[in-house]
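S.K.: Attaching a predicted model along with its sequence, questions to come.
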Amino acid sequence: MSDNSSDASLASPRAQASRAALELLASMRFAISLLTVICIASVIGTVLKQHEPVGNYVNQFGPFWAQLFLSLKLNAVYSAWWFLLILAFLVVSTSLCVARHAPKYLADLRSYKENIREQSLKAFGHRAQAQVPGDTAQAAQRLGQQLVSGGWKVRLQQRDTQAGPGTGWMLAAKAGAANKLGYIAAHSAIVLICLGGLFDGDLIVRAQMWLGGKTPYTGGGLISDVPEQHRLSVSNPTFRGNLLVTEGGTAGTAILTQSDGVLLQELPFAVELKKFIVEYYSTGMPKLFASEVVIHDKATGEQLEKRIEVNHPASYRGIEIYQSSFDDGGSSVKLQAVPFEAGAKGFEVDGVIGGSSGFTRQRPGGKDEALTLEFTQLRTINVENFGAANAPGATDVRKVDLKQAIDERLGAAHKTVAKKELRNIGPSIGYKLRDASGQAREFQNYMLPVDTGDGQPVFLLGVRDSQAEPMRYLRVPADPEGTMETFMRLRAALQDGGLREKAARAYVAKAVDASRTELTGPLAQSATKALELFAGQGERKGADGRPLGGLQAISDFMEANVPAAERERAGEVLVRILNGVLFELAQLARTQAGQAPLAASDQTQAFMTQAVFSLSDAQFYPAPMAFMLQDFKQVQASVFQVARAPGKNVVYLGCLFLIIGVFAMLYVRDRRLWIWLTPAEGGSHAEMALSTNRKTLDGDREFAMLASKLIGAEPLHKKTPGGPA
C-alpha cells in the first residue's frame, strides 16, 4: 500500500507537468501568441527581399547586419526551421483547442436546455409574462407551432405544479445554432490553411535535404553536368520552381532557388517554346506577355499544344505552369570599342547576352592588362519621361489659377501634377568590365543619340560601381552625321600639342584685327595656356594620380593666379577663348578625317557647348573604353513558374471554412427562448424569457415582437440585464 502511494506521489508531478503543458498548448492565448509571431515574421519576409545573393545584403545593410540576417534565416523566412516549427506548433495548438471545445459546442447544439428551473427565468434581462387562453397543454402546442413556423426548433416538457401532476409545461426553443458552428469552422480553417502552407512550402524539400542527403548546388555549368545529390526526383510531392525556355528551345528541369544555392527538380515533361509574344503600354511597361508552347511527355511521347498567359496557366499531370516573366534568351550583339586613351585603337567584338569575352588592354608605356567583357543585358525598348525637365520650377504670382491649384491637390492618390512626356529612346546594351583582380563595374550605353530637351542629341554612357548605386551618365554630343566621331577626334586632338598650336593660331588669326598685331602674341599665349590646362597638361594631379584637366583645372588655375576681384571677368574671357580655340581644334580634326567643317549655326554652337562639358567630364570616366551597340539579333526567353501544390485545395477549403465561420460568428445570433406555462383562472399563466449571446438592439426588438405575438405582453425591463442559461 505504501509502495503504491509512493509511486503515485512520484508520478503526480509528471502528470501535473503534462497536464499544464497540454493546457498551455490548447489555450487560446498560446495560439494567438504564435499567430502574432507568424504575422511579424511574414512582415519581415515581405519587406526584406528573399533568396537574394549574399553580396546584395552586404551592400545594402553592411557586413554585421547581413551576417545577423543570414544567421536568423531572415533572407529565407518562409523556409526557415524556426518559422516551420512555429507553424507546426500553431497547427497543434489550434487543433487541441478545437478538440477540447468542439464537443461542448456540439453538445450545446443538441441541447434545448428544457430542464431550466422556472425561478431562473426571472433573472433574465429579456422577460415578459401574461395570461394566455386555453389550458397549459393547448397553449404549449399553439405557441410551439407558432415558433416552429417562425424558424425556431422547439421541445416541450411536461412538469408537475401545485395544481397537480403534469399540469405545467416548459416550452424550450432555440435558433441561430450556426453561431456555434462558426467558432468550429473558423478555428478549423486556421488548421487547414497552416497544413496547406506546410504541404506546399519548403517543408518537404527541407525534409529531403535533411533525411535524403540532398544539398544545394553552388557551381555553374550545364544542367546535365549537375550531380545527382543536387537533383529532386520526379515523384517529389510538392515543389515550386522556375523554368527558363528560349524561343525554339526545350527545357524539362526546373530550378528551385535556395538561400545557399539551387536544387534541380526533374519534371515528367519538357516544355518547348514555339513563340513568345510581348506587348507594351506607352509607358514601356509590359501590357501582355504570353507563350505558345508544346508540352512533351517524357514517358509516353505525347505532345500537347498550349498557350500560357499571365493568370491563365496550363496544367499537366498535376503540375501547374504559370507565365512568370520573360528574359533574354541569348541574343547576339556586335559592339564597337570606343577608346578614351590617346593613341588607342578601337575594335569590334561579338558576343551573346549572358556570355563573356576576354581581351588585353595595351597600356602606353606600361604593363598590358587583361580585361573581361561580360554581356549582361540587351534592352530593345527604353521608355523614359522627359516631361519633368520642362516643368516650371517656380510659381508665377502674376497668374494664379485657383481651379488649377485645387485640381492639383485633389483627386486620386497616384495623380501627379508633373507633366509626362514619354519617349522610347531606343535599344541599350548593359555589360560589365572586369579586371584581372575580379573587380567589375557595370555599364549601360544607349545605341542611338537622345535629345534630352535642349535640342542637342547626346549619346548616354552610363556607369556605376555597384547595383546599390544609380547610374551616372556621360553625355557625348552627336555630330551632324549622328555619330560620336567628331567628339572622339576632338578629344584625341586635344592631346596633340601640334594641333593645339595650330588651333590657337587659327583662333588668333580670326579673333585679332589685322591693325592690332600687338595683341596676337598675348592672345596666342592665353589660348595655348587654356588648351593645355583643359587637356590636363598642367602640374595639378587628381585624386587618382592622373593629371587634372577640364573646367576644374581652369578653375583651380584662376583661383591660384588671379585676384578674387578680377576672377569673374577674367574667367568669362578665358572661357570664351577656350570655346573659340576648341571650335578651331574640332575643325582641324574633321579636316584631317576628310569631313566637311562644321557650319556656323545654332546647332554647331549647341554641339560645341555640350562638347566642352563632355570633354571636361570624360576625364572622370572610370574605364579605358566604352562599348557601343552596333547591331543585335534578339532572342526572347520565357520564364515559367512550375508548381505541384497538393495543399492548394486544402488551403481553398480552409478559406471557405474561414469565410463561413466569420460570417456565422458576426451575423448569426445564438438565441434561446423559454415559456413556462402554469394553470390559471380562465386559461394559463405564461412566463417568457429570452437569452442571446450578444446584447444588441435587434435582440431587444425581436423579443418585443415575440412577446407581443406569442403571449400579447410587453417586455419587463430589469436594471441588471442578463442571467444564467
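M.R.: Thanks, I have the structure now. Predicted, not measured: the structure shown is a model, and the values here were computed from it. Numbers count the residues shown, from 1 in each chain.
S.K.: Just the pLDDT for Trp586.
M.R.: In this structure residue 586 is Ala, not Trp. Confidence at Ala586, expressed as pLDDT, is 91.
S.K.: Identify the residue nearest it in space, chain neighbours excluded?
M.R.: Leu490 (4.8 Å; C-beta to C-beta, 6 or more residues apart in numbering). C-betas here are computed from N, CA, C, even on glycine.
S.K.: didn't that neighbour look like it was pressed against Glu584?
M.R.: No. At 10.7 Å, Leu490 does not count as touching Glu584 under the criterion of C-beta atoms under 8 Å.
S.K.: ok so, going back, dump the residue contacts of the residue nearest to Ala586.
M.R.: Leu490 makes contacts with Leu582, Leu585, Ala586, Ala589, Ala611, Leu615, as judged by C-beta atoms under 8 Å, 6 or more residues apart in numbering.
S.K.: Could you say which helix or strand holds it?
M.R.: In the assignment (DSSP states H and E), Leu490 maps to helix 485-494.
S.K.: Please save the CA atoms from that helix in PDB.
M.R.: Extracted C-alpha coordinates of helix 485-494, given in PDB (Å, rounded to 0.1, in the frame of the first residue of the first chain):
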ATOM      1  CA  GLU A 485      33.200  60.500 -84.200                       C
ATOM      2  CA  THR A 486      33.700  64.300 -84.100                       C
ATOM      3  CA  PHE A 487      33.800  64.300 -80.300                       C
ATOM      4  CA  MET A 488      36.300  61.400 -80.100                       C
ATOM      5  CA  ARG A 489      38.500  63.100 -82.700                       C
ATOM      6  CA  LEU A 490      38.300  66.300 -80.800                       C
ATOM      7  CA  ARG A 491      39.300  64.500 -77.600                       C
ATOM      8  CA  ALA A 492      42.300  62.900 -79.400                       C
ATOM      9  CA  ALA A 493      43.400  66.100 -81.000                       C
ATOM     10  CA  LEU A 494      43.300  67.800 -77.600                       C
END
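S.K.: Report the buried residues of that helix.
M.R.: For helix 485-494, the neighbour count (16 or more other C-beta atoms under 10 Å) marks Glu485, Thr486, Phe487, Met488, Arg489, Leu490, Arg491, Ala492, Ala493, Leu494 as buried.
S.K.: Same question for stretch 110-130.
M.R.: Tyr112, Ile116, Glu118, Leu121, Phe124, Gly125, His126, Arg127, Ala128, Gln129, Ala130.
S.K.: Pick the one among the residues you listed closest to Ile308.
M.R.: Tyr112 (57.4 Å; C-beta to C-beta).
S.K.: by contact count, what packs against the longest strand anywhere in the chain?
M.R.: Under DSSP state E, the strand in the chain containing the largest number of residues is strand 261-280. Contact partners of strand 261-280 among helices and strands, from 3 or more C-beta pairs under 8 Å, 6 or more residues apart in numbering; DSSP states H and E: strand 231-232, strand 239-246, strand 250-258, strand 286-297, strand 319-328, strand 636-644.
S.K.: mind redoing it with 6 Å?
M.R.: Contacts defined by 3 or more C-beta pairs under 6 Å, 6 or more residues apart in numbering; DSSP states H and E place strand 261-280 against strand 231-232, strand 239-246, strand 250-258, strand 286-297, strand 636-644.
S.K.: Can you give me the buried ones in the lengthiest helix in the chain?
M.R.: In the chain, with assignment by DSSP state H, the single longest helix is helix 81-110. Residues 83-84, 86-87, 89-98, 101-102, 105 are the ones in helix 81-110 that count as buried (16+ other C-beta under 10 Å).
S.K.: next one: stretch 254-274
M.R.: For stretch 254-274, by 16+ other C-beta under 10 Å, it's 254-256, 258-259, 262-265, 267-273.
S.K.: go on, stretch 470-484?
M.R.: So for stretch 470-484, counting by 16+ other C-beta under 10 Å, buried means Tyr473, Leu474, Arg475, Val476, Pro477, Ala478, Asp479, Met484.
S.K.: List the contacts of it.
M.R.: Stretch 470-484 is contacted from outside by 444, 449, 456-464, 486-487, 607, 610-611, 614, 617, 621, using C-beta atoms under 6 Å, 6 or more residues apart in numbering.
S.K.: For Ala172, give the beta-bridge partners.
M.R.: Per DSSP bridges, the residues bridged to Ala172 are Arg155, Trp674.
S.K.: again, but for Asn242
M.R.: Ile255, Gln641.
S.K.: I'd say it and Leu256 touch.
M.R.: No. Contact criterion C-beta atoms under 6 Å: Asn242 and Leu256 do not qualify, at 8.1 Å.
S.K.: show me the contacts for Ile193.
M.R.: Ile193 touches Val651, Gly654, counting by C-beta under 6 Å, 6+ apart.
S.K.: Is it in a helix, a strand, or coil?
M.R.: Three-state assignment for Ile193 (DSSP: H, G, I helix; E, B strand; the rest coil): helix.
S.K.: Retrieve the pLDDT associated with it.
M.R.: pLDDT, read off for Ile193, is 90.
S.K.: quick one: the helices in the stretch 1-150 of the chain?
M.R.: Counting by DSSP state H, counting those that start in this stretch, the stretch 1-150 of the chain has helices at residues 2-26, 28-47, 54-61, 63-71, 81-110, 136-149.
S.K.: So for the last one, what gets flagged as buried?
M.R.: It stands for helix 136-149. Quick answer for helix 136-149 (16+ other C-beta under 10 Å): Thr136, Ala137, Ala139, Ala140, Leu143, Gly144, Leu147.
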